[in-house]
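Visitor: Following is a predicted model, sequence given first.
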Amino acid sequence: MKVYLDNAATTRMDKEVFDAMLPYLRDEYGNPSSMHDLGQKARAAVEDARAKVAALINAKPAEIIFTSSGTEANNFAVKGAAYAGKRKGNHIIVSSIEHFSVLYSVRMLAKDGYEVTYLPVDKYGMVNPDDVTAAIKDKTVLISVMHANNEVGTIQPIAEIAKIAKSKGIPFHTDAVSTAGSIEADVEKMGVDTLTLAANQFYGPKGAAALYIRSKTRIVPLLHGGVQEEGRRAGTEDVASIVGMGAAAEIALKGMAKNSAYTTKLRDKLIDALKTKIPNIYLNGHAVDRIPGNINICVEFIEGESMLLFLNMEGISASSGSSCTSKALKASHVLTAMGVDAALANGSLLLSLGKNNTEEEIDYVIEKLPPIVERLRKMSPLYKKP
Amino acid sequence: MGNQDIKADETLDAFGLLCPIPIHLTDKRIREMKPGAILEVISDDDGIVKDMPAWCNSYAHKILSYKADSGLHKFYIRKQS
């Protein structure tokens, strides 16, 4: 049996999305910037996708800027707001558990003279809004806190933080890559100024993502030299991927309530079974404020990487943490910020479920994982038999 | 130039964009407006100081007012009728 439990890295594209994209990979090859019919057909397809992506997050189409990835959108949101705010100040506030595309963007800005405050999180990976209030200075030009963390799944109090930012007139960005398409990520309800979302996280293609920019929010572009995306993101559009993102957004919005309830049910079944069958394991993240597909556990006395290899041999695809860091064999910065012991953090396992997983697959994992842990513990010098 | 009493019908904030993008966006926006309507254009690119008058001249739009304030250029343009 093949079981894909790495939906946090990427999801499998829906067939309808693939079908929607196909014409734009060959026959409809026009450049949306061209005046002729072929170009205008591509333009219409991009604008149709823009409206669908906007609908997913309750935005206006003109507030959606397509990018090539969530990473690009996060770089754009952070650096763009920092440069736009240059006259006002040079202080940025981010949570310490942001995705690296936010953390490394502020690191680059720090080299350029910007001052950065990293917000702590509690043991559940939650940011305290009071810490945001305390961190604000007169020269703060941006606050960025992710909607939910990609590794441990904790959903942050975004509306509350956005309210604080708004009361001080500071632009607020949220990285909603882990949430948009699977749970509600409504820009009006949350009150954010910019928001990142990526198609490959909701059964769309890789290569298409977007930055929502609330109208009247000032952001300096990263890519220059073209009039595409109203001059805010130069470069010929990846029409097929953008069309795919639109189709995926439409499907995600329609099936959101059903899929999130279904995935949550499977997730809780798997968590309960693993807790019962494996001694000395700990669930990371928040028990309730958690995205539907996320299971992040620390298995004491063994290494995450070895579990992955054994799981892979049984046909189960999982991860030890962020797809961007799992090869680095380093304790996750998220778990470290949550105060998880370094040795324990090395035994972290990320099982991310999605709408395509079945009950049978979960039963299969419940059957296969406990013996793998037992076997590895027998080989571990750290493990003393109870 | 510098009339404080001008009321714009629409505003185009081209902050952060380099010329000629603000001109391109002005062109796009003004085409959708009624003849005689007034567009406010904001830009932080110094290139617009030369480009906007030249562009307006060639399309017979009238610059009613121009202001520069702490690095921001502000034009009020009346669409040709």
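Guide: Nice, thanks for sending it over.

Visitor: quick one: terminal-to-terminal distance for stretch A:31-39?
Guide: 5 Å (Cα to Cα, to the nearest Å).

Visitor: buried residues in that stretch?
Guide: residue A:32 (16 or more other Cβ atoms under 10 Å in any protein chain shown). Any C-beta I mention is one placed from the backbone N, CA and C, and that applies to glycine too.

Visitor: What separation do you get for residue A:21 and residue A:223?
Guide: Distance, residue A:21 to residue A:223, using Cβ to Cβ, to the nearest Å: 23 Å.

Visitor: Which of these two has more residues huddled nearby?
Guide: Set side by side, residue A:21 and residue A:223 show more neighbours around residue A:21, with 24 against 16, by other Cβ atoms under 10 Å in any protein chain shown.

Visitor: Quick one: list the elements packing against the top helix by length along chain A.
Guide: Secondary structure of chain A per DSSP state H: the longest helix is helix A:239-277. On a contact count with 3 or more Cβ pairs under 8 Å, 6 or more residues apart in numbering or on different chains; DSSP states H and E, helix A:239-277 meets helix A:15-25, helix A:37-56, strand A:281-283, strand A:294-299, helix A:359-379.

Visitor: Out of those, the one nearest chain B is which?
Guide: helix A:37-56 (13.0 Å; Cβ to the nearest Cβ).

Visitor: which parts of chain B sit against chain A?
Guide: Residues of chain B found near chain A (Cβ under 8 Å from any Cβ of the partner chain) are B:13, B:14, B:15, B:16, B:17, B:18, B:21, B:22, B:24, B:25, B:70, B:71.

Visitor: how about those residues in TSV, adding distance to residue A:105, neighbour count and pLDDT?
Guide: Output for the residues of chain B next to chain A, formatted as TSV (distance: Cβ to Cβ, whole Å; neighbours: other Cβ atoms under 10 Å in any protein chain shown; pLDDT from 0 to 100):
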residue	distance to residue A:105	neighbour count	pLDDT
B:13	24	18	94
B:14	24	24	95
B:15	20	17	94
B:16	16	20	93
B:17	20	23	94
B:18	21	19	92
B:21	23	24	93
B:22	26	28	95
B:24	28	17	93
B:25	26	20	95
B:70	27	6	84
B:71	24	10	87
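
Visitor: Out of those residues, the closest to residue A:102 would be?
Guide: The closest of these to residue A:102 turns out to be residue B:16 (Cβ to Cβ; 19.6 Å).

Visitor: Quick one: low-confidence residue ranges for chain B.
Guide: Chain B contains residues with pLDDT under 70 at B:1-4.

Visitor: OK, contacts around the residue of it most remote from its centre?
Guide: Distance from the C-alpha centroid of chain B peaks at residue B:70, with 17.3 Å (Cα atoms, centre = their mean). By Cβ atoms under 8 Å, 6 or more residues apart in numbering or on different chains, the residues touching residue B:70 are residue A:87.

Visitor: And the one 5 residues further on, by the same measure?
Guide: Residue B:75 makes contacts with B:40, B:41, B:43, B:48, B:52, B:63, B:65, B:66, as judged by Cβ under 8 Å, 6+ apart.

Visitor: The last one contacts residue B:56, doesn't it?
Guide: No - contact between residue B:66 and residue B:56 fails when scored by Cβ atoms under 8 Å: they sit 10.4 Å apart.

Visitor: Show me what the helix or strand of chain A with the lowest mean pLDDT is in contact with.
Guide: The helix or strand of chain A with the lowest confidence, counting by mean pLDDT, DSSP states H and E, is helix A:342-345 at a mean of 85. Helix A:342-345 is contacted by residues A:282, A:298, A:300, A:331, A:332, A:335, A:336, A:382 when judged by Cβ under 8 Å, 6+ apart.

Visitor: Of these, which are in range of chain B?
Guide: Near chain B, by the rule Cβ under 8 Å from any Cβ, you find none of the contacts of helix A:342-345.

Visitor: Now a PyMOL select for only the buried ones of those.
Guide: The buried residues among the contacts of helix A:342-345 can be selected in PyMOL (16+ other Cβ under 10 Å) with this line:
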select buried, chain A and resi 298+300+331+332+335
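
Visitor: With that, I have no additional questions.
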